[in-house]
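K.L.:
build me a model:
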Amino acid sequence: MKKYFMKLIGATAIVLLLSLQAALPQEIGANFNHDPEIIDINYLKKTPVEWIRTTPYIFEYINGQKDPATEAGLGKVIEAKKAGYKVAFGFRWDFKKYNLNIPQPGTPLEKKYFATVTALLTRMSGSIDILKLGNEPNLETKDEDLNVNNEGYVPLVKFMERLLTEVALPFYRAHPEYKKPDIYVGSLPALFEPKQQKTPGVIGLIKLAQQNKDLTGLAVHLHIEDTLEISRALDFVRSIMPSKPIIVPEFSLFRLYNKHVSDLIGDNAAGRAFAQKYHYADTMHLYQWYSIANTKRVDAMEWTEMFNSRKWFIPHSMETYYRYFQKYNVVLATYGYFSQSAPANVKPGTGVWFVNPIFACKSLKPDANGDCAANPLWYSDFVDIVNKGKLTRKATHQ
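P.N.:
Numbers count the residues shown, from 1 in each chain. From the prediction side, this is the model:
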């Protein structure tokens, strides 16, 4: 009898947990990545978004290239907050790019880093609704700092924990006039890869998110080749952090595009018909067509027909993402809003991030009024899932 009641209690708890997760909203916002200076409220008004996300390169501030007190990009974020938008704000720690190890706790170098964070929080004051302590740290940290050191801890995990306890929390305790934001650790990409799932720094950050009461949850990036990778990544997170909220500051089919960047346009009947219509050679590689789009800019019809000619392209993938967000309690996801990188000479190894943006300013011909054209691959579905998120939020507050 006792075992029966224990099972009943356990089943009831699961039902209650699932009900709670279902009640949380899955909101969708605009991602401006590391370039807050490109935030444009006029374009934000072209979709129903209520959230913006940005993660400045913090070493530009640490090294003195930018001043937290005067940097115009930060002013753009503050302007958006004053206009009524909610802000997810964080930092990109490019330790690997600068060939730097994470400083040991309490050292002058750590204090210098932390002072820069405090200066940024001071400038942003009450403009932050979600604070993210990092951005893709498993890719931007040297291998030795992702593993257990001679002192018995993982430097990345210790650094992020101290960033929380020694900087963020003391700052908001010292400034009760500002509402303390929800604080997330991450953002972790490629969690569907077995290598990432075995990395001590990755596992440690997810455990930190689960165990630390001052962390709201975990941030995850979902740039994928196959939509099944979404569940593989999020199942891994939920195996360690079963119920706390997840946010997805970046998501796209970027890995899928990159897999096919060297394909021939005329490798199927639809591609050959496309090539004939637009006077391209069947033997043109996709990266060559991308170069044309990024230099001469193509119209929305040509852009749409080219991707429709690709057997591998996944239409309405945003709706697929949204169903996963609902299933795994993703409370906020933000998607690339503006073109930030569109190389003129695309090669087989070039990252084709320019396929993603909602407004593909650098690849599509502008509208008749001169505005950047909406990307026909994503725009309608993006607006749809933004509205779905707003409806779920309203439902939770009724």
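K.L.:
out of the helices and strands in this structure, which is least certain?
P.N.:
None of the helices or strands of the chain scores lower by mean pLDDT, DSSP states H and E than helix 2-23, at a mean of 40.
K.L.:
which residues does residue 156 contact?
P.N.:
Residues counted as contacts of residue 156 (CB atoms under 8 Å, 6 or more residues apart in numbering) are 102, 137, 138, 141, 145, 146, 201, 204, 205. Bear in mind the C-beta positions are built from the backbone N, C-alpha and C, glycine included.
K.L.:
helices of the stretch 1-150 of the chain, start to end?
P.N.:
Secondary structure of the stretch 1-150 of the chain (DSSP state H, counting those that start in this stretch): helices at 2-23, 41-44, 58-62, 72-82, 108-124, 137-140.
K.L.:
now do the contacts for residue 231.
P.N.:
With contact taken as CB under 8 Å, 6+ apart, residue 231 is in contact with residue 324.
K.L.:
now with 10 Å, please.
P.N.:
With CB atoms under 10 Å, 6 or more residues apart in numbering as the criterion, the residues that contact residue 231 are 192, 238, 324, 327, 328.
K.L.:
how close does it get to residue 224?
P.N.:
Here residue 231 is placed at a distance of 10 Å from residue 224 (CB to CB, to the nearest Å).
K.L.:
name the residues contacting each of these two.
P.N.:
Looking at what touches both residue 231 and residue 224 (by CB under 10 Å, 6+ apart), the common residues are residue 192.
K.L.:
domains of this protein?
P.N.:
Following automatic domain parsing, one finds the domains of the chain at 25-258+314-337, 269-308.
K.L.:
I'd like these as TSV, with mean pLDDT appended.
P.N.:
What follows is these, written out as TSV (pLDDT from 0 to 100):
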stretch	mean pLDDT
domain 25-258+314-337	97
domain 269-308	98
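K.L.:
export those domains as JSON lines, with columns for distance to residue 369.
P.N.:
Formatted as JSON lines, the entries for the domains of the chain read as follows, by distance: least, CB to CB, whole Å:
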{"stretch": "domain 25-258+314-337", "distance to residue 369": "11"}
{"stretch": "domain 269-308", "distance to residue 369": "15"}
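K.L.:
re earlier: as JSON lines, the contacts of residue 156 with neighbour count and distance to residue 380 would be great.
P.N.:
Output for the contacts of residue 156, formatted as JSON lines (neighbours: other CB atoms under 10 Å; distance: CB to CB, whole Å):
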{"residue": "102", "neighbour count": "25", "distance to residue 380": "43"}
{"residue": "137", "neighbour count": "28", "distance to residue 380": "34"}
{"residue": "138", "neighbour count": "22", "distance to residue 380": "34"}
{"residue": "141", "neighbour count": "24", "distance to residue 380": "38"}
{"residue": "145", "neighbour count": "20", "distance to residue 380": "43"}
{"residue": "146", "neighbour count": "23", "distance to residue 380": "40"}
{"residue": "201", "neighbour count": "24", "distance to residue 380": "39"}
{"residue": "204", "neighbour count": "22", "distance to residue 380": "40"}
{"residue": "205", "neighbour count": "30", "distance to residue 380": "36"}
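K.L.:
buried ones among the contacts of residue 231?
P.N.:
192, 238, 324, 328 (16 or more other CB atoms under 10 Å).
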